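S.K.: What follows is a predicted structure for the sequence shown.
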Amino acid sequence: MNELTKKFGPYLKVLIIPYLFFMFILIYQIDYFVHAPGGISEVDSLIHVEYNEDKEIEGSISSTFIMSINRPTFFQFLISEFSNYTYSNILTGSNANYSNSEIAKISYLDKATSVNAAIIVAYLEAQKNNNEIEIDYDIVTMVYGKAQYLSHYDDIDFGDEFLYLIGDGGVEVSELSEIAAYTQNENSYEFHFRNSFEEYSKIIEKNSETGLFGITLKKYYLVNQEETYPRFTERQSNIGGPSGGLLQTLAVYNMLISEDITRGLKIAGTGTINYDGTVGYIGGVEQKITTAYLNGVDVFFIPFLDENYYYDNYLEALRACEKFGIDPTGWLVPVSSFQDALDYLEGRS
């Protein structure tokens, strides 16, 4: 062994440095994100409405998804820098403080609540011409964000339902707008939550620097399936995020009505859906544009928010089309609402 060490030792010393360097770039993670083109997913593979089962749909309605890597290895980051189709940047805001598993939880919470919003908007629209259709939903408040200084950080999870807190004078406070008014006198308060298993309470302290509790609460509308007709089922999917909301709304609406709004078109797009039917901003525009184009989509819906705002999705999409040599005429369709998308499709007849 000593003879081998003497003979090959100098070579091993020379080789160990590049080996360690290679292992470093292969496994070391950096606080960036990478977006790359993904694919399109037909909405009926995610949501199925048990209605109009004999109806023939000639075209298709799909959401567009991208591949997203949070905290890529240095090696993955370097590869992405050599591609014209990827986008990378430093993690900012809350995502910089969340672990990858926490970011994934928020993404799936966004997707789940987006599906509920899509179903509500679609059912309410279809209900206008069909009194058989019924939709019922509950308004709940759930945990959407957590600061690092939140008391009992690991015990309170994303998606847990906020029930109420015991405010000043022993008042039970459940309305978000009233929390500040009833948490003036003390440094800590008792919050009550519910998760999938149980109701629980935690004493949450205000942060000494910010004066805040470090918890972000958000209202969501959740469909009550027992009181909704026709029934629907949601299948499991590993695609997260809320950006499929607009296309999910279009597809569910198409399942509820007698005519076929696709008119044989391969329809895709992106955009969140709000409860009032308006469409919201999304990220990853370049990657979604190239994904849809390469998949032979006939119509691509993109959110249009403000023509004077540089970061409007439609303007981003136009720049992406120019960059990749895509003619947007008759293909890229800007919409501000679900109704805009319906009007466009009806005008194609």
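M.R.: That came through fine.

S.K.: Show me where this structure has its helices.
M.R.: Secondary structure of the chain (DSSP state H): helices at 2-27, 74-81, 100-127, 176-179, 245-256, 285-294, 313-324, 338-347.

S.K.: Residue nearest the middle of the protein, spatially speaking?
M.R.: Nearest residue to the geometric centre of the chain (CA atoms, centre = their mean): Gly241, 1.7 Å.

S.K.: Next up, the contacts around that one.
M.R.: Contacts for Gly241 (CB atoms under 8 Å, 6 or more residues apart in numbering) come out as Phe65, Ser107, Asp110, Lys111, Ser114. Every C-beta, even on glycine, is put in place using the N, C-alpha and C of the backbone.

S.K.: How is the protein partitioned into domains?
M.R.: The chain breaks down into these domains under automatic domain parsing: 27-136+224-347, 140-220.

S.K.: Between those, which one is closest to Ile16.
M.R.: Closest to Ile16 of the domains of the chain is domain 27-136+224-347 (CB to CB; 16.4 Å).

S.K.: Figure out the length between the terminal residues of the closest one.
M.R.: Start-to-end span of domain 27-136+224-347 (CA to CA, to the nearest Å) is 53 Å.

S.K.: do you know how far Lys116 is from Gln248?
M.R.: Check again: residue 116 is Asn, not Lys. Here Asn116 is placed at a distance of 10 Å from Gln248 (CB to CB, to the nearest Å).

S.K.: hang on, I meant Tyr149
M.R.: With the distance defined as CB to CB, Tyr149 ends up 36 Å from Gln248.

S.K.: out of the contacts of Gly241, who's nearest Leu318?
M.R.: Of all these, Phe65 has the smallest distance to Leu318: 21.3 Å, by CB to CB.

S.K.: Quickly compare the domains of the chain and say which is most buried.
M.R.: Mean neighbours per residue, mean count of other CB atoms under 10 Å, is largest over those for domain 27-136+224-347, with a mean of 18.

S.K.: now that one, how far from the chain's geometric center?
M.R.: Taking CA atoms, centre = their mean, to the nearest Å, one finds the center of domain 27-136+224-347 at 9 Å from the center of the full chain.

S.K.: Tell me which residues touch Phe232, please.
M.R.: Ile47, His48, Val49, Glu50, Ile119, Gln225, Val252.

S.K.: which regions of the stretch 201-349 of the chain lie under the pLDDT threshold?
M.R.: For the stretch 201-349 of the chain, applying pLDDT under 70 flags the ranges 307-311, 349.

S.K.: Let me see the ranges of the strands in it.
M.R.: Along the stretch 201-349 of the chain, counting by DSSP state E, counting those that start in this stretch, strands occupy 215-223, 232-234, 266-269, 272-273, 279-280, 299-303, 332-335.

S.K.: ok, back up a step: distance to Pro18 added to the domains of the chain, as TSV?
M.R.: Listed next are the domains of the chain as TSV, based on distance: least, CB to CB, whole Å:
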stretch	distance to Pro18
domain 27-136+224-347	14
domain 140-220	38
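
S.K.: May I have the distance across stretch 265-280, first residue to last?
M.R.: By CA to CA, the extent of stretch 265-280 from end to end equals 24 Å.

S.K.: same deal with stretch 198-211?
M.R.: Note: stretch 198-211 ends 29 Å apart using CA to CA.

S.K.: now it: how far from the chain's centre is it?
M.R.: The answer for stretch 198-211 is 27 Å, by CA atoms, centre = their mean.
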